[in-house]
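**Student:** Take this sequence and fold it.
(4 chains)
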2 protein chains.
Amino acid sequence: MPRPTKLTPEHGDARTRLLQSARDLIRSQGYAATSVGDLCRAAGVTKGAFFHHFENKEALGVAAAVYWAETTSELFANAPYHRHDDPLDRFLAYIDFRKQIIDGDLARFTCLVGTMTQEIYGSHPAIRDACAASIFGHAATLEPDIEAAIASRGITPDWSAESLAIHTQAVLQGAFILAKATGNTETAKDSVDHLKRYVELLFKTNH
Amino acid sequence: MPRPTKLTPEHGDARTRLLQSARDLIRSQGYAATSVGDLCRAAGVTKGAFFHHFENKEALGVAAAVYWAETTSELFANAPYHRHDDPLDRFLAYIDFRKQIIDGDLARFTCLVGTMTQEIYGSHPAIRDACAASIFGHAATLEPDIEAAIASRGITPDWSAESLAIHTQAVLQGAFILAKATGNTETAKDSVDHLKRYVELLFKTNH
DNA sequence: GGCACAATACCGACCGGTTGGTATGTGAGT
DNA sequence: ACTCACATACCAACCGGTCGGTATTGTGCC
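**Tutor:** Residues are numbered from 1 along each chain as shown, chains lettered A, B, ... in the order given. Okay, here's the model as predicted:
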């Protein structure tokens, strides 16, 4: 088990620098195409440091997924959409927030763990499990608001809060793929608009 | 022109065998993790044959995407959902068909070009373009039915037939990722159910 | 039809560079 | 004296790609 470095130059310890480089490089090149050498060069670290902190490349992949889960859950915990009083408003504001995040460089807003899952689901079960934990752990944070919205609107749906939360993630992951295919963020934003429209229709009481 | 290989000549010429092996291996391992040697071994072909048919590995990637576009468009052209008289019924039956296809081994029903796009969008523009052509070419086949459904239902939506067709593909791509994360086909089918519910709500006239 | 011949389809040994990974060393903090 | 964080040097296996060669084919001429 690696632990935080005591002596820390301005740029942070080698482990987190490697994790940040992994986050950036894997998002733009994929896991397999990112070599240990690439990682070390980007992090400004030698191979010795790499294999000091991680048993092998797969362990780095797992750690990168865990690091991703930690940093993103912090991002969403501090996001402004929680400020709304109504649970449905919170959920819709979450979707708006996700749309707003889609901006600029592809490798800046796409999902590390979704990208890795595609590549490694068959060959690296340990990484796959860490990615799944990140995705479904995040989806679970949406469930209370959806549940409360169902109650407050007095609807009796034939779908579960869990499945809608997961569907939200599916749309986002799919939107990222299409954005990568076109190189255009608008493609992704259009799908998020459809998702928001869906949620609004689901909670419309008169039908 | 094509000629069966010496060893196992019953399986057709080397080029299509390499394309089929590429389809299978890349779907389960990804593009970068699939080496030329892997491809040749799986196809029962030598490296000489590989580089006779393809200038380099990237060219194989492009050809695999084109091959995918051809074979899938044939599959969908012959699918039963076209038999419905009503255009909205056809579109809904398409979604049912996509759900029905989700069955068995992950590498059997997931999308080759979606998988490749994730990995190579930044580093192999030629492959990315071929993948995009496959995805958006398929989406375009749905537009006439959506357009006709809008007309027949007399609705005036604030979304375009094109954007809904593309959203359909986004949901499917996202569903594949989540299925890979869980190893469970139900995760994907749940999202397709949400997609169908969305389309039904969109075309409900009384609201 | 038979034959020469040029394309084409395929083979497999080989190359230089890169890969993930290891063994060992060093130097600062405790 | 000892641990920990990192560096250097190195390796065997594998990578994408090359190349000289052989087998099989369609074709034009007789």
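**Student:** C-alpha only now, for contacts and for neighbours.
**Tutor:** Noted.
**Student:** List the residues that contact the residue nearest to the spatial centre of chain A.
**Tutor:** By Cα atoms, centre = their mean, chain A has its centre lying nearest to A:Cys111, at 4.5 Å. Counting by Cα atoms under 8 Å, 6 or more residues apart in numbering or on different chains, A:Cys111 makes contact with A:27, A:173, A:176.
**Student:** Take these and keep only those in helices.
**Tutor:** A:27, A:173, A:176 (DSSP state H).
**Student:** To which secondary structure element is A:Asp190 assigned?
**Tutor:** Using DSSP states H and E, A:Asp190 sits in helix A:185-202.
**Student:** Tell me which residues are up against that helix.
**Tutor:** A:92, A:95-96, A:98-99, A:102-104, A:106, A:168, A:171-172, A:175-176, A:178-179, B:163-164, B:166-167, B:170, B:198, B:201.
**Student:** Stretch A:86-103 now?
**Tutor:** With Cα under 8 Å, 6+ apart as the criterion, stretch A:86-103 contacts A:81-84, A:109-110, A:142, A:145-146, A:148-149, A:185, A:188-189, A:192, A:195-196, A:199.
**Student:** number of nearby residues for the closest residue in space to A:Ser123 that isn't next to it in sequence?
**Tutor:** Spatial nearest neighbour of A:Ser123, excluding adjacent residues (Cα to Cα, 6 or more residues apart in numbering or on different chains): B:Gln29 at 6.6 Å. Applying other Cα atoms under 10 Å in any protein chain shown, we find 20 residues neighbouring B:Gln29.
**Student:** contacting residues for B:Gln29?
**Tutor:** B:Gln29 neighbours (Cα under 8 Å, 6+ apart): A:119-123.
**Student:** Mind putting these into TSV with neighbour count and secondary structure?
**Tutor:** Listed next are those as TSV, based on neighbours: other Cα atoms under 10 Å in any protein chain shown; DSSP: H, G, I helix; E, B strand; the rest coil:
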residue	neighbour count	secondary structure
A:Glu119	28	helix
A:Ile120	24	helix
A:Tyr121	25	coil
A:Gly122	19	coil
A:Ser123	13	coil
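**Student:** Do you have the helices of chain A handy? List them.
**Tutor:** Going by DSSP H, chain A shows helices at A:14-29, A:36-43, A:47-53, A:57-77, A:87-101, A:106-109, A:112-120, A:125-140, A:143-153, A:161-182, A:185-202.
**Student:** got a list of what A:Ala139 touches?
**Tutor:** A:162, A:165-166, A:168-169.
**Student:** Flag every residue of chain A that's near DNA strand C.
**Tutor:** Residues of chain A found near DNA strand C (Cα under 7 Å from any atom of the strand) are A:6-7, A:32, A:34-38, A:47-48, A:51, A:55-58.
**Student:** follow-up on the earlier one: in the helix holding A:Asp190, what's buried?
**Tutor:** A:185-199, A:201-202 (16 or more other Cα atoms under 10 Å in any protein chain shown).
**Student:** For it, output the C-alpha coordinates as PDB.
**Tutor:** Written as PDB, here are the backbone C-alpha positions of helix A:185-202 (Å, rounded to 0.1, in the frame of the first residue of the first chain):
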ATOM      1  CA  THR A 185     -19.500  18.900 -28.400                       C
ATOM      2  CA  GLU A 186     -23.000  19.900 -29.800                       C
ATOM      3  CA  THR A 187     -23.700  16.200 -30.700                       C
ATOM      4  CA  ALA A 188     -23.300  15.400 -27.000                       C
ATOM      5  CA  LYS A 189     -25.300  18.300 -25.800                       C
ATOM      6  CA  ASP A 190     -28.200  17.400 -28.100                       C
ATOM      7  CA  SER A 191     -28.500  14.000 -26.400                       C
ATOM      8  CA  VAL A 192     -28.400  15.600 -22.900                       C
ATOM      9  CA  ASP A 193     -31.300  17.800 -24.100                       C
ATOM     10  CA  HIS A 194     -33.300  14.700 -25.000                       C
ATOM     11  CA  LEU A 195     -32.500  13.200 -21.600                       C
ATOM     12  CA  LYS A 196     -33.800  16.300 -19.800                       C
ATOM     13  CA  ARG A 197     -36.900  16.300 -22.000                       C
ATOM     14  CA  TYR A 198     -37.500  12.700 -21.100                       C
ATOM     15  CA  VAL A 199     -37.300  13.400 -17.400                       C
ATOM     16  CA  GLU A 200     -39.700  16.300 -17.700                       C
ATOM     17  CA  LEU A 201     -42.200  14.100 -19.500                       C
ATOM     18  CA  LEU A 202     -41.900  11.300 -17.000                       C
END
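**Student:** tally of neighbours for the closest residue to A:Thr115 other than its chain neighbours?
**Tutor:** The shortest distance from A:Thr115 to any non-neighbouring residue, by Cα to Cα, 6+ apart, is to B:Gln118 (6.1 Å). By the measure other Cα under 10 Å, the count of residues near B:Gln118 is 28.
**Student:** Same check on A:Leu164?
**Tutor:** For A:Leu164, using other Cα under 10 Å, the count is 19.
**Student:** which residues touch it?
**Tutor:** B:His194.
**Student:** Quick check: the gap between it and A:Pro157.
**Tutor:** 11 Å (Cα to Cα, to the nearest Å).
**Student:** residue contacts, A:Val62?
**Tutor:** A:126-127, A:130-131.
**Student:** that older thread, and the contacts of B:Gln29, which is closest to DNA strand D?
**Tutor:** Nearest to DNA strand D, judged by Cα to the nearest atom of the strand, of those is A:Ser123 at 13.4 Å.
**Student:** quick one: pLDDT of the closest one?
**Tutor:** Among the per-residue scores, A:Ser123 holds a pLDDT of 96.
**Student:** do A:Ala165 as well
**Tutor:** At A:Ala165, pLDDT is 98.
**Student:** Would you check that it makes contact with A:Glu143?
**Tutor:** Yes: with contact defined as Cα atoms under 8 Å, A:Ala165 reaches A:Glu143; the gap is 6.2 Å.
**Student:** Show me what the mean pLDDT comes to for stretch A:32-48.
**Tutor:** 94.
**Student:** likewise stretch A:97-105?
**Tutor:** 96.
**Student:** Which positions within that stretch qualify as buried?
**Tutor:** A:99, A:102.
**Student:** Thanks a lot, see you next time.
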